[in-house]
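Trainee: below are the sequence and a predicted model; questions follow.
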Amino acid sequence: MATPIGNLRDITLRALDVLKAVSLVAAEDTRRTAKLLAHYGIRTRTLSFHSHNEAQRAPSVLERLRAGESVALVTDAGTPLVSDPGARLVRTALAAGVAVEPIPGASALLAALAMSGVEADEFTFVGFPPSRSNSRIKWLRNLSAEPRPLILFEAPHRIRRTLGDITDIFGDIEVSVCREITKLHEELVKGPISSVLRSLPEPKGEFTLVIQAPLAYSQAQTEMPSDNDIAEEFCRIAEIYPSRRSAIKYLAGKYGLKTSAVYLIVEGAKFK
């Protein structure tokens, strides 16, 4: 069952009816679910059911289902199985011939896509990037030829590092960074990553990123820019690199130039 991703009013009438009617609510975080239930005056019992105890709890929940009880599976926000726990229980229930009924609702990835303004008859949702730097870089490289816009989630303490890695691999691609979707301080920052990093909000709350199709961006960059364009791009990206040298090295690799050639372009622009 989908639950609100922030605003408690973003829940369907059907979902409320189900939460009132079921025997048990299996919840990723019973404290957060308790707030939702209390808001609507629902007194259904809850059971802690998250990624760390799913294997242990799934058999007992299945027994309840076999005995004729009804169970609502909810996560902290959004829909179970979508970058959230619940897959083991659903597979176990289906294998046992128990009916699984979806209750759709709020979705952070669809909300972010809608507010980004990106035209997307197709898109690719990739969930959370790996937390370790080397794994994340490899993961992003595997997505560099993706012809569709990408949607991903990221934790607040890794958002800047991930955006930096995306720049290194995809280039200064356009992104929409969405934070606190449906909440009081909802915010969208949109533009090339170099611009987004300068105005990125305080890293609080989960971020949802909508990224321009990497392949389309790469193909658009195949035409060699003018020296002036390269110098302007250097000015945009210099702040997100640890040194001028690393920014120059990135531009050289991006356009197939020698680092010395990019250096001369950048230095020449300073004296015009």
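Mentor: Perfect, thanks for sending it.
Trainee: outside of the strand or helix carrying Glu232 itself, list whatever touches it.
Mentor: Using DSSP states H and E, Glu232 maps to helix 227-237. The contact list for helix 227-237 (C-beta atoms under 8 Å, 6 or more residues apart in numbering) reads 167, 172, 192, 194-195, 225, 247-248, 250-251, 255, 262, 265-266, 268-269. Just so you know, the C-beta spots here come from the backbone N, C-alpha and C atoms, and that holds for glycine as well.
Trainee: same check, this time on stretch 161-168
Mentor: Contact with stretch 161-168 is made by 129, 133, 136-137, 140, 154, 173, 175, 177, 193-194, 196-197, 200, 209, 211, 237, 240, 250, as judged by C-beta under 8 Å, 6+ apart.
Trainee: just to revisit the earlier point, show me the contacts of helix 227-237 that map onto strands.
Mentor: Of those, the ones assigned to strands by DSSP state E are Pro192.
Trainee: and the contacts of helix 227-237, which is closest to Lys35?
Mentor: Taking C-beta to C-beta as the measure, Lys35 lies nearest Ser195 of the contacts of helix 227-237, at 36.8 Å.
Trainee: for burial, what's the neighbour tally of the closest residue to that closest one other than its chain neighbours?
Mentor: Spatial nearest neighbour of Ser195, excluding adjacent residues (C-beta to C-beta, 6 or more residues apart in numbering): Arg236 at 6.9 Å. Burial of Arg236 is recorded as 16 neighbouring residues (other C-beta atoms under 10 Å).
Trainee: next one: the one 4 residues further on
Mentor: Each residue near Ile240 was counted by other C-beta under 10 Å, and the total is 20.
Trainee: hang on, it packs against Ile193?
Mentor: Yes - the criterion here is C-beta atoms under 8 Å, and Ile240 meets it with Ile193 at 7.4 Å.
Trainee: quick revisit: of the contacts of helix 227-237, just the buried ones, ChimeraX syntax please.
Mentor: Burial among those is assessed by 16 or more other C-beta atoms under 10 Å; the matching ChimeraX selection reads:
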select :167,172,192,194,195,247,248,250,251,255,262,265,266
